[in-house]
Each structure stands twice: as structure tokens, then as C-alpha cells.
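S.K.: I would like the atomic coordinates for the input below:
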Amino acid sequence: MANLQNNRLNVTATAEQMTAVKTALQTINTNLPFLVGLTDAERSSLSSMDVNNKTFTEDALNSANNNPTLVPAYINVANLQNDLTLFSQLDEILLLARQLCERIEDTKILAGSEAYEAARLFYQASKTAAEAGVPGADAVVSQLSARFSNQGGSGQQPTNP
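M.R.: Have a look, this model is predicted:
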């Protein structure tokens with residue numbers, strides 16, 4: 001259960017902050033208009049670029065640039081270079097985005113946990129108040145106990161949700 005004395009988060013984003021973040025994300029989308037979406041089937045059918053494949057691709061590009069007579073007409077070396085450059089650029093952006101997403105997800109998990117744990121403590125306190133005959137506590141317990149009603153067992157409310 002949460003230690004309410006150790007509440008790690010006690011903030012909210014302001015409306016201005018939310019607008020600024022949404023605008024920044026839209027700016028990213030605007031600055032990368034070529035981003036695509038793939039279906040699961042497309043994703044699984046495409047060759048993947050790992051470290052070894054990237055090295056191979058770089059070597060092939062260098063060889064093609066240094067040996068233009070070996071390049072068949074159906075291979076556009078400039079396109080190959082652009083694709084490889086874009087891959088590297090997006091790889092750099094993706095790392096930064098993943099780091100940000102991880103921090104957003106972790107903060108969301110912590111905020112949700114702290115809120116839920118405090119709600120459960122309030123529920124326990126309300127049950128104690130209802131048992132003591134505090135007016136209005138029964139209605140609160142009745143409303144909140146619905147959360148735990150489908151958890152099986154004997155049909156009784158859990159003693160320590």
C-alpha cells in the first residue's frame with residue numbers, strides 16, 4: 001500500500017503546458033511529413049536493419065560510389081544514400097523519443113498508483129466510519145464497493161482491497 005507520507009508526485013500540468021506539449025508534438029509531425037504507418041503484415045514482411053545489416057548497407061553504398069560501373073541501371077545510389085541517411089536520422093530521434101516515452105509512462109504509472117492507493121485507503125476509512133455509524137458513510141461504501149463486486153469469492157467485500 002502507498003505510503004502517503006512519501007507521495008512522490010503532487011503536481012498537475014497546467015493548461016499552458018499541455019498546449020505547449022501538444023503543439024511541440026504537432027511540430028514534430030509537421031517537420032516529418034514523410035512518416036508512414038505500416039500494417040502488421042507490412043511490418044513483418046520488410047527486411048529489418050540491425051547493426052550487421054547497417055554495416056553491410058554502408059559497405060555496399062561505399063562500394064557502389066567507388067565502383068559506378070558495377071551499379072546496374074535499376075539501382076539508384078542516391079536513393080540508397082537517402083534511405084540510409086534517413087534511417088540514421090530517425091534512429092537518433094527514436095532513441096530520444098523512447099527515452100521521453102519511458103519517463104512519461106513511468107510517471108503515469110506512479111501517478112496512477114498513488115491515486116489508486118489513496119482511493120483504497122479512503123475506502124477502508126469509509127468502511128470503518130460506516131461500521132462506527134457515521135452518517136453518510138454507508139452510501140459512500142455502497143458506491144465504492146461496486147469496484148470489487150465481481151471479484152468472486154464468497155460475495156463478501158474484500159477486507160483489504
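S.K.: can you map out the helices along the chain?
M.R.: For the chain, the helices defined by DSSP state H cover 15-31, 40-45, 51-66, 77-131, 137-145.
S.K.: which regions of the chain sit below the pLDDT cut-off?
M.R.: Residue ranges of the chain with pLDDT under 70: 1-5, 152-161.
S.K.: rerun at 50
M.R.: 1-2, 155 (pLDDT under 50).
S.K.: What distance do you get for the residue at the greatest distance from the centre of the chain to residue 38?
M.R.: Going by CA atoms, centre = their mean, the residue of the chain most distant from its centre is residue 69, 47.8 Å out. In this view, residue 69 and residue 38 are 36 Å apart by CB to CB, to the nearest Å. The way it works is simple: take the backbone N, C-alpha and C, and place the C-beta from them, glycine included.
S.K.: How about residue 150?
M.R.: Separation of residue 150 from residue 38 (CB to CB): 38 Å.
S.K.: Residue 58 now?
M.R.: 24 Å.
S.K.: just residue 71 next, same as before
M.R.: Distance check for residue 71 against residue 38: by CB to CB, it reads 28 Å.
S.K.: So between those two, which is more surrounded?
M.R.: Shown here are residue 71 and residue 38; by other CB atoms under 10 Å, residue 71 has more neighbours (14 against 10).
S.K.: give the contact list for the closest residue to that one other than its chain neighbours.
M.R.: Leaving aside its chain neighbours, residue 71 sits nearest to residue 64 (5.0 Å; criterion: CB to CB, 6 or more residues apart in numbering). Residue 64 sits next to 70-71, 75, 77, 80 when contact means CB atoms under 8 Å, 6 or more residues apart in numbering.
S.K.: again, but for residue 109
M.R.: Counting by CB under 8 Å, 6+ apart, residue 109 touches no other residue.
S.K.: ok, residue 53 touching residue 46?
M.R.: No. Residue 53 is beyond contact range of residue 46, at 11.8 Å (criterion: CB atoms under 8 Å).
S.K.: between those two, what contacts are shared?
M.R.: Here residue 53 and residue 46 have no joint contacts, going by CB under 8 Å, 6+ apart.
S.K.: And stretch 47-66, how far out from the chain middle?
M.R.: Relative to its parent chain, stretch 47-66 has a centroid offset of 31 Å by CA atoms, centre = their mean, to the nearest Å.
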